[in-house]
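Asker: for reference, the sequence and a predicted model appear below.
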Amino acid sequence: MKKLIVLIAVLAFVPLAFADNFTLQSYTIAANSTDPGLVINTAGVASTPSNFVLNPGSSVTFDLFQIWTSESVVNPDDTIAKNVGVSFTFNPPASSGSVTGSTFGVAQVFGLIQYGQVSWSGPSVVNFNGGQYTFTLSNETFNVGLFGLDGGQHDGATVEATLTYSQATPASVPEPASMLLLGTVLAGLAGMVRRRKS
């Protein structure tokens, strides 16, 4: 009986993991649009606002934007890496961040195979009131062609975003739910004590 009471008391104070809402309110893409460097075009495909419900430790992957070039060939200046970036805002949780990387053209095997490449420097780690999440973008190859680029949006690629609810803090545990659990445990203990007396 004492072991049961101790177990119930311990469970009453174990933090509960609840799912939280993540709403992508906006995002902007900045990429090289003039020579020198590979000229890049982008078009957002994720609608805003987009809502996701995640438990701590879980993630979701979704299409964020399309990337392509309308150039027909990778010239020497197109192989120069150019900055690319994505800024984003979530609410809830009230937070924002950015992911940076680079775009460049590639010509392999004496120019036989040509394509564009986007590579990201790493995920954005964002702390908010209640926890932490990471926002990661996928590296992509686009407009692959022979002896030139297959230019245009049709032969481009779609950059995916992965949102990972990496960590929750105790502040994100709803207080009413904790109090309800504690009240249930105390009521159960009171019932056991009453039954034992009678």
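Answerer: Received it, and whenever you're ready, just let me know what you need. Numbers count the residues shown, from 1 in each chain.
Asker: helix, strand, or coil at Leu149?
Answerer: Following DSSP: H, G, I helix; E, B strand; the rest coil, we place Leu149 in the coil state.
Asker: just give the closest residue to it, not the sequence neighbours.
Answerer: Asn143 (4.6 Å; Cβ to Cβ, 6 or more residues apart in numbering). The way it works is simple: take the backbone N, C-alpha and C, and place the C-beta from them, glycine included.
Asker: and if you look at Ser87?
Answerer: Ser98 (4.4 Å).
Asker: give me the local confidence score for the one you found.
Answerer: Model confidence at Ser98, given as pLDDT, is 98.
Asker: ok, now Leu24?
Answerer: At Leu24, the predicted lDDT confidence score is 98.
Asker: now do the contacts for it.
Answerer: Residues in contact with Leu24 (Cβ atoms under 8 Å, 6 or more residues apart in numbering) are Ala46, Thr48, Pro49, Ser50, Asn51, Phe52, Phe88, Thr89, Phe90, Leu163.
Asker: in what helix or strand does it lie?
Answerer: Per DSSP states H and E, Leu24 falls inside strand 20-30.
Asker: again with Leu64
Answerer: Counting by DSSP H and E, Leu64 is part of strand 59-68.
Asker: list the strands paired with that strand, with their directions.
Answerer: According to DSSP bridges, strand 59-68 forms sheet pairs with strand 41-44 (antiparallel), strand 157-168 (antiparallel).
Asker: in it, what counts as buried?
Answerer: Residues Leu64, Phe65, Gln66, Ile67, Trp68 are the ones in strand 59-68 that count as buried (16 or more other Cβ atoms under 10 Å).
Asker: what residues of whichever helix or strand comes after it count as buried?
Answerer: Heading C-terminal from strand 59-68, the first helix or strand you meet, by DSSP H and E, is strand 82-90. Under the neighbour-count criterion of 16+ other Cβ under 10 Å, strand 82-90 has Lys82, Val84, Gly85, Val86, Phe88, Thr89, Phe90 buried.
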